[in-house]
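Visitor: Here you go, sequence then predicted model.
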There are 2 protein chains.
Amino acid sequence: MPARERRPVTIYEVADRAGVSIATVSRALRDSELVAPSTRRHVQRVAEELRFRPSRAGRALAEGQHAANGIVFPDLAGPYYAEVVLGYEEVVAELGRSVLILATQGRANAADLVHELAGRVDGMVIMGRTVGDSTVARIADTGLPLVLLARPPVGLVDTVTADNEDSARALTAHLIGHGYRRFDFLGDPGQSPDVAGRHAGFVTALADGGLDVPAKPVRCAFDVKAGYTAARETLRRRNRPEALVCANDEVALGALRAAEDLGLAVPGDLAITGWDDIMAADYARLTTVHQSMRELGATAARWLDQRISGTSPGVRREVLPTRLVIRTSCGPHDNER
Amino acid sequence: MPARERRPVTIYEVADRAGVSIATVSRALRDSELVAPSTRRHVQRVAEELRFRPSRAGRALAEGQHAANGIVFPDLAGPYYAEVVLGYEEVVAELGRSVLILATQGRANAADLVHELAGRVDGMVIMGRTVGDSTVARIADTGLPLVLLARPPVGLVDTVTADNEDSARALTAHLIGHGYRRFDFLGDPGQSPDVAGRHAGFVTALADGGLDVPAKPVRCAFDVKAGYTAARETLRRRNRPEALVCANDEVALGALRAAEDLGLAVPGDLAITGWDDIMAADYARLTTVHQSMRELGATAARWLDQRISGTSPGVRREVLPTRLVIRTSCGPHDNER
DNA sequence: AACAGAAATGTAAGCGCTTCCAGTGACGCT
DNA sequence: AGCGTCACTGGAAGCGCTTACATTTCTGTT
């Protein structure tokens, strides 16, 4: 039997079959209080029999809203963004809305894609390094509810971030406490606002500790290989650093490998720290900073919902706290098993 | 200045402003060949000036399609599904369509959510253990294009999977080659079709090797903690197994910890293998099986697109190959650094 | 028995777009 | 000059729903 194209049943057929008008069907199904209980039951039964599912497009057009929220992120590689998206999805779904995703992952037409997305949702979250401020501003100007995540504020848009600067300061201070004196930072502050914050905290802590601040960070991308290369380079210099503060865990893991290859003991000859507390960090005994990505996503989702429903208390900016996770890569500890 | 609600510009305003009918505007923007080049240019300029963005809902209603695809997965924890989703998103976005996601993550109303999703997309991918076959069948019956991923076929729906059984057989055989004789399987075959396949391959290999097949697998969930607990339990039995084949890397990592805690050397006293080749597996030197999740997602996206556009060559079922990644947790190797 | 008011239901006007069909000129031909 | 063609353009009918407003049908009152 050829898969004959089934036309979905419409509200008209339900109305016909139930012997009422489409208005009554609509009301009965959205159980407004305006229908007699008996008709409501009858209509509901007929609708069920016919397997009626109201067309989303029709509803969206009539109601002027989509019952869907968007989220824009750079990519989903690495556990970081995936967790955020998951936290977001969880809350949004609970609110009875759908989730549209968009990974910009270095796409040239990212701004267009974001605009397109904007036309399909009632509000959206824009993360980190995905599109420029002008795009954000233009969309905000549209009146579309927006929440920024892990990205510096733009205009009067709500913004959630995880702390970078304070934790970076604490982390660096911790290293100084271990006695390390020559530091380098691995990562590109220009690459993301997060990294910029981490670098800033790093610099502050060194200055506070009266130590030399390296002229500039060792710029490298966000992955293991880049970390490996950058670290190898850096560690081969005469007067190599004693401690490497890395922009994230992947970079730190690469650095760890490089140290191993160069025969440097960690933490004996060299301290290394990461950021994010990904699963591999645990196995590499990497000292790092933990942030609840799930919570970030969930918070963004809740704020956005309030913006959409117009119950938002005003412009919100919040920096979620992070937590130092001290393992052994930053110095000897016996409280860590 | 209060954020006055801006009403989006419609095709009528563009038509007005350009001094043509909405029909012409519509045609000019979808650059059909039916408009005079000069009018087209004029309309396009006006549309741009007005920042006109056609309403998705209006278009969806008129065209009878959404230009969006869905994907349903259990959750996004762990790199596995995130990678699949990313591979999917990449292809779908290239095709000029949007991506709706739905994580069922043990939600009781998963089936309803999937039906709801079905009403918003032109087709969707359903992964592994998310909803029952009857839900899949019902949606397929609707005529909605569907592709199943990492899940046994249902009816005539296209299905992509990564190989489980063959690789599990090869992996187990490899362990047997190392001289291990007493095996256990950690994981719940009832939890996902993938695990079931892995267990089946495991059993076959043992039988082929003339070894005892354990009465039943040691059932445990998919995370590190569950693996730890299950392994600890198992390894404390008199006559403990010499090799633990785990359902995935997380479980294996837990088992590795348990072995460590019990003072068992890996691979000396005990071999352990995982599945998925997550990043942490590398750092734990865990022997495992690599599958290209990205490719899975991309393939599903492409097939789905062909189903939607009606260019599908027929019912397709494919098992994507996987690759053994031999590290040291399965026995001594000197080809691994 | 008549009627005001409430309750239930129906009518119809959109929502913003696509597209079929018909109309309008301009053009080239006989 | 008359007419058929062709290239454009406009009118208008939906697409499937929600909802303001109108209409009908019950109540309960007097």
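Guide: That came through fine.

Visitor: so residue A:294 touches residue A:81, yeah?
Guide: No - using Cβ atoms under 8 Å as the test, residue A:294 is too far from residue A:81 to be in contact (11.5 Å). Glycine gets a C-beta too; all of them are placed from N, C-alpha and C.

Visitor: If you count surrounding residues, which of those two has more?
Guide: Taking neighbours as other Cβ atoms under 10 Å in any protein chain shown, residue A:294 and residue A:81 compare with residue A:81 leading, 25 against 18.

Visitor: pLDDT at the residue lying closest to residue A:293 once chain neighbours are set aside, what is it?
Guide: Leaving aside its chain neighbours, residue A:293 sits nearest to residue A:83 (3.6 Å; criterion: Cβ to Cβ, 6 or more residues apart in numbering or on different chains). pLDDT for residue A:83: 89.

Visitor: so how far is residue A:88 from residue A:45?
Guide: Computed as Cβ to Cβ, to the nearest Å, the residue A:45 to residue A:88 distance reads 37 Å.

Visitor: who has more neighbours, those two?
Guide: residue A:88 (32 against 11).

Visitor: Show the contacting residues for the more buried one.
Guide: Going by Cβ atoms under 8 Å, 6 or more residues apart in numbering or on different chains, residue A:88 touches A:71, A:99, A:125, A:297-298, A:300-301.

Visitor: most surrounded residue in those residues?
Guide: Counting neighbours by other Cβ under 10 Å, residue A:125 comes out on top of the contacts of residue A:88 with 31 neighbours.

Visitor: what residue ranges in the stretch 201-337 of chain A score low on pLDDT?
Guide: Scanning the stretch 201-337 of chain A for pLDDT under 70 picks out the ranges A:333-337.

Visitor: Around chain B, which positions in it sit nearby?
Guide: With Cβ under 8 Å from any Cβ of the partner chain as the criterion, the stretch 201-337 of chain A meets chain B at residues A:224, A:250, A:253, A:278-280, A:282-284.

Visitor: which bits of the stretch 51-200 of chain A sit near DNA strand C?
Guide: By Cβ under 7 Å from any atom of the strand, the part of the stretch 51-200 of chain A that sits against DNA strand C consists of A:58, A:61-62, A:64.

Visitor: Just the buried ones among these, please.
Guide: residue A:61 (16 or more other Cβ atoms under 10 Å in any protein chain shown).

Visitor: Can you lay out the residues of the stretch 51-200 of chain A next to DNA strand C as a markdown table showing pLDDT, secondary structure and distance to residue B:104?
Guide: Formatted as a markdown table, these follow (pLDDT from 0 to 100; DSSP: H, G, I helix; E, B strand; the rest coil; distance: Cβ to Cβ, whole Å):
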| residue | pLDDT | secondary structure | distance to residue B:104 |
| --- | --- | --- | --- |
| A:58 | 97 | helix | 26 |
| A:61 | 97 | helix | 29 |
| A:62 | 96 | helix | 29 |
| A:64 | 95 | coil | 30 |
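
Visitor: which among the residues of the stretch 51-200 of chain A next to DNA strand C are in contact with chain B?
Guide: Residues of these in contact with chain B (Cβ under 8 Å from any Cβ): A:58, A:61.

Visitor: List just the nearest of the residues of the stretch 51-200 of chain A next to DNA strand C to residue B:272.
Guide: residue A:58 (55.2 Å; Cβ to Cβ).

Visitor: which residues touch that closest one?
Guide: With contact taken as Cβ under 8 Å, 6+ apart, residue A:58 is in contact with residue B:61.

Visitor: that older thread, specify the local secondary structure of the residue nearest to residue A:293.
Guide: The assignment at residue A:83 comes out as helix when based on DSSP: H, G, I helix; E, B strand; the rest coil.

Visitor: in terms of contact, does it touch residue A:297 like I think?
Guide: Yes - counting by Cβ under 8 Å, residue A:83 sits close enough to residue A:297 to count as a contact (7.1 Å).

Visitor: now the strands: where do they sit in the stretch 1-150 of chain A?
Guide: A:68-73, A:98-103, A:124-127, A:146-149 (DSSP state E, counting those that start in this stretch).

Visitor: returning to that earlier point: from the residues of the stretch 51-200 of chain A next to DNA strand C, pick the one nearest chain B.
Guide: residue A:61 (4.3 Å; Cβ to the nearest Cβ).

Visitor: ok, how many other residues are close to the nearest residue to the closest one once chain neighbours are set aside?
Guide: With Cβ to Cβ, 6+ apart as the criterion, residue A:61 has its nearest non-adjacent residue at 4.3 Å, and that residue is residue B:57. By other Cβ under 10 Å, the residues close to residue B:57 number 22.

Visitor: what's the residue closest to the geometric middle of chain A?
Guide: The centre of chain A sits closest to residue A:84, judged by Cα atoms, centre = their mean, with a distance of 4.1 Å.

Visitor: Show me what from chain A comes close to DNA strand D.
Guide: Counting by Cβ under 7 Å from any atom of the strand, the residues of chain A lying close to DNA strand D are A:7-8, A:10-12, A:22-23, A:26-27, A:29-30, A:52-55, A:57-59, A:61-63.

Visitor: swap the cut-off to 10 Å and go again
Guide: Taking Cβ under 10 Å from any atom of the strand as the measure of proximity, chain A contacts DNA strand D at A:7-15, A:21-30, A:32, A:34, A:36, A:47, A:52-65.

Visitor: Can you turn the buried part of these into a PyMOL selection?
Guide: Entered in PyMOL, the line below selects the buried ones among those, by 16+ other Cβ under 10 Å:
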select buried, chain A and resi 9+10+11+13+14+15+24+25+26+27+28+29+47+52+54+55+56+57+59+60+61
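
Visitor: Now intersect the residues of chain A next to DNA strand D with the helices, please.
Guide: A:11-15, A:22-29, A:47, A:56-63 (DSSP state H).

Visitor: Surely the residue nearest to the centre of chain A is in contact with residue A:149?
Guide: Yes - counting by Cβ under 8 Å, residue A:84 does reach residue A:149; the two are 7.0 Å apart.
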